[in-house]
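Fold the following for me, if possible:
(2 chains)
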Amino acid sequence: MPLLEIKNLHARIDDREILKGIDLVVNPGEVHAIMGPNGSGKSTLASVLAGREDYEVTDGSISFDGKDLLEMEADERAREGLFLAFQYPVELPGVSMPTFLRQSLNAVRAHRGQPELTAAEFLRTMREKAALVELKDDLARRSVNEGFSGGEKKRNEIFQMALLEPKLGVLDETDSGLDIDALRIVSEGVNKLRSPERGFVVITHYQRLLDYIVPDVVHVLVDGRIVKTGGRELALELEDKGYDWIGDPAEASAA
Amino acid sequence: MSTAETEYLSDIADQEYAYGFVTDIDAETLPPGLSEDTVRFISAKKNEPEWLLEWRLAAFRHFMKLLEAGSEAYPQWAHLRYAMPNFQDISYYSAPKQKAQYESLDEVDPKLLETFERLGIPLAEQKRLAGVAFDVVMDSVSVATTFKEELSKVGVVFCSFGEAVQEHPELVRKYLGSVIPHTDNFYAALNSAVFSDGSFVYIPAGVRCPMELSTYFRINERGTGQFERTLIIAEKGAYVSYMEGCTAPQRDENQLHAACVEIYAHEDSEVKYATVQNWYPGDENGVGGVYNFVTKRALAAGDRAKVSWTQLETGSAITWKYPSVILKGDDTVGEFYSVAFTKGKQQADTGTKMIHLGRRSSSTIISKGISGGESQNAYRGLVRIGPRAEGARNFSQCDSLLLTDRCGAHTFPYIEIQNPSGQVEHEATTSKIGEDQMFYCAQRGIPEGEAVKLIVNGFAKEVMAKLPMEFAVEAQKLLAIELEGSVG
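All right, here's what the predicted structure looks like:
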């Protein structure tokens, strides 16, 4: 059974149609990269998957681990094991990291029928996972994303993914704004989380990230449609030739 | 805001007042009405000396003058909409029949204890928590005071106001009205005429009060106004931390609450005053809630005296309250930390006054307003730097958080500077609980109701952290109850 199966997905915001018929199948253990020029609908796809209410799905279906994803609220999707690493992580002033993460983790664990972690167990787990992306120990004293540098915010997302152990990780331009060291740390964190059960959808504008997180499949999204699908080499080709090389999206999809 | 969020927030508004019940203890209640006889009755009931009766009568005459002047004299500047109370419809005295003072909990009426159990603040728990002494005010007369002996060892007086009148008349006479004269404002005049009971605290020179002092106030008699009078005196170099918490039972008619709290801080003394206020806010139409008109003021009389007010305001249909500090001495410090949470049809106009008279006096104001439902939440604050207040400083920060698009948040800062060396900073923000923040929490599996609580608690944290440890637990519980809807 596929982990994620998207069929003919159409979505719009206000009156503007952004996704114009997406088909995508992600099997357990696979890493799919979605590349495309700005405005092609990459982040919209991530938002629709995570259940952001600004977007209206007008057609199509999404099945996640055999369940109808579109029937679920955003928080249910998260508890079911869909994790979105935000392109712009949100600050929660005054909300301490441990308070937030413990509530999050316990909500997810309760959904899986696991017992709540005690404070001590939680802190141990938190420290262990934070080390994965080299986040410092003073994490416990900080508010969620408040005063975090751009790189710290992205590492914080991967750290949370490690903590929640989702079935599917959706990374929305996690590489944007990262210097080369941060990119390496974040990518290594993601790679450590790869497993035969877990799938990833990695959304990126640049192929650079894919040097570190090597995808199984690369899709090119242009104007709300996947116009080309290939292996790792497709990303390299795109880097050489640019998105123009894909050609007119209408023609491409007709082809 | 999404439909689900709107529903959640209206659920909160629909939530019944969790502490709404009436304790059935026999009470002696004066019929409604206000006259010179009422004042004489109260004073006689309390076996007061002649000078105090005269003090009350002077206030009464002043109040009647204000009342006769009609709406002209009635304070109308606040951002509040309500009908002026009919002062002849109110009963001005109510006392439980049991008058005995208790040293041990065993002697206390089990129904009273049960009341506290239901409030979630069992006395036993309170005793356990770091040795908190408490003086329970049920309606107008104190019915239990403990830890008195331990306090008296170091010379600290902590008792009901009525008791203080009997046992320390010289102190009461010296300080009563010294910070809030009866002419101060409309409700201070009323309180001065008919005040029923309250707390009295005296900390001798150089004494650090060995425990947090705590009083639970509670309106418990139908149709009875509550006119608390509290007086706290800190002698030279003394220190005290005082906590006051309120809950009130559900009822149909409006209850008028007009308290006065006076704090007199001598040289090098420090007084911390913390309040958790949770009077009944009225039903979903705003009917039946408590009208809370409070005058709280501290005089930092001596040099280097320090006074801080910390408050969590969640209750009342109407809140009108400006805990203030007159920074008279040089190098005095005044602080005001406030979280005001309103929902449903609640209206709050609250803030502070920092009056800088002394040189290098400094004040800090941190106000966090949280508005839900169709409530109106106003911060009103005055910072005055007098001509002699060389080098005085103030920092004010007023943040408002809106939970719905039907509520209102307002900020009315007044700044008067009469000395060019004064420094005043004012920061204000207003934000709506962010959809981005809600979505972020949802994406981490946190249900909406929990997410609202997290975000609001985060917003209020800076102030909540200022509450005494023993109180913080209860305060957080209160805020959580207030935020809780039928979700979860």
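
residue contacts, residue A:125?
Counting by CB atoms under 8 Å, 6 or more residues apart in numbering or on different chains, residue A:125 makes contact with A:105, A:117, A:163. Quick note: C-beta positions are derived from backbone N, CA and C, even for glycine.

Residue B:32 now?
Residues in contact with residue B:32 (CB under 8 Å, 6+ apart) are B:88-91, B:223.

Check the residue of the stretch 151-255 of chain A found nearest chain B and give its pLDDT.
The nearest approach of the stretch 151-255 of chain A to chain B comes at residue A:160, 6.8 Å away (CB to the nearest CB). pLDDT recorded at residue A:160 is 95.

Show me which pair in the contacts of residue B:32 is furthest apart.
Farthest pair in the contacts of residue B:32 (CB to CB) is B:88 and B:223. Separation: 12.4 Å.

Neighbour count for these two, which is higher?
Using other CB atoms under 10 Å in any protein chain shown as the criterion, residue B:88 and residue B:223 rank with residue B:223 on top: 17 against 10.

Can you get me the start-to-end distance on stretch B:161-173?
Start-to-end span of stretch B:161-173 (CA to CA, to the nearest Å) is 12 Å.

And it, what's buried?
B:161-165, B:168, B:171-172 (16 or more other CB atoms under 10 Å in any protein chain shown).

what sits against the residue in the stretch 1-150 of chain A that chain B sits nearest to?
Residue nearest to chain B within the stretch 1-150 of chain A: residue A:94 (3.2 Å; CB to the nearest CB). By CB under 8 Å, 6+ apart, the contact set of residue A:94 is A:143, A:146, B:457-462.

out of those, who's nearest residue B:401?
The closest of the contacts of residue A:94, once distances to residue B:401 are taken by CB to CB, is residue B:459, at 5.0 Å.

part of a helix, is that closest one?
Yes - the assignment for residue B:459 is a helix, going by DSSP: H, G, I helix; E, B strand; the rest coil.

unless I'm mixing things up, it is touching residue B:370, no?
Yes - using CB atoms under 8 Å, residue B:459 and residue B:370 qualify as a contacting pair, with a distance of 6.7 Å.

These two: who's more crowded?
residue B:370 (28 against 23).

quick one: the helix or strand containing that one to chain centroid distance?
Secondary structure assigned from DSSP states H and E places residue B:370 in strand B:362-371. The offset between the C-alpha centroid of strand B:362-371 and the centroid of the whole chain comes to 15 Å, using CA atoms, centre = their mean, to the nearest Å.

After it, which helix or strand is next?
Strand B:362-371 is succeeded, C-terminally, by strand B:376-385 (DSSP H and E).

Buried ones in the helix or strand just after that following strand, by neighbour count?
Helices and strands here follow DSSP H and E; after strand B:376-385, the next one along the chain is strand B:393-402. For strand B:393-402, the neighbour count (16+ other CB under 10 Å) marks B:393-394, B:396, B:398-402 as buried.

now the helices: where do they sit in the chain?
As the question left the chain open, I've gone with chain A. For chain A, applying DSSP state H gives helices covering A:42-50, A:74-80, A:97-111, A:119-132, A:150-164, A:180-193, A:208-212, A:232-241, A:249-254.

if you could check chain B rather than the one you did, that'd help
Going by DSSP H, chain B shows helices at B:3-14, B:36-45, B:50-68, B:110-118, B:123-128, B:148-153, B:161-167, B:169-175, B:186-194, B:435-443, B:448-464, B:469-483.
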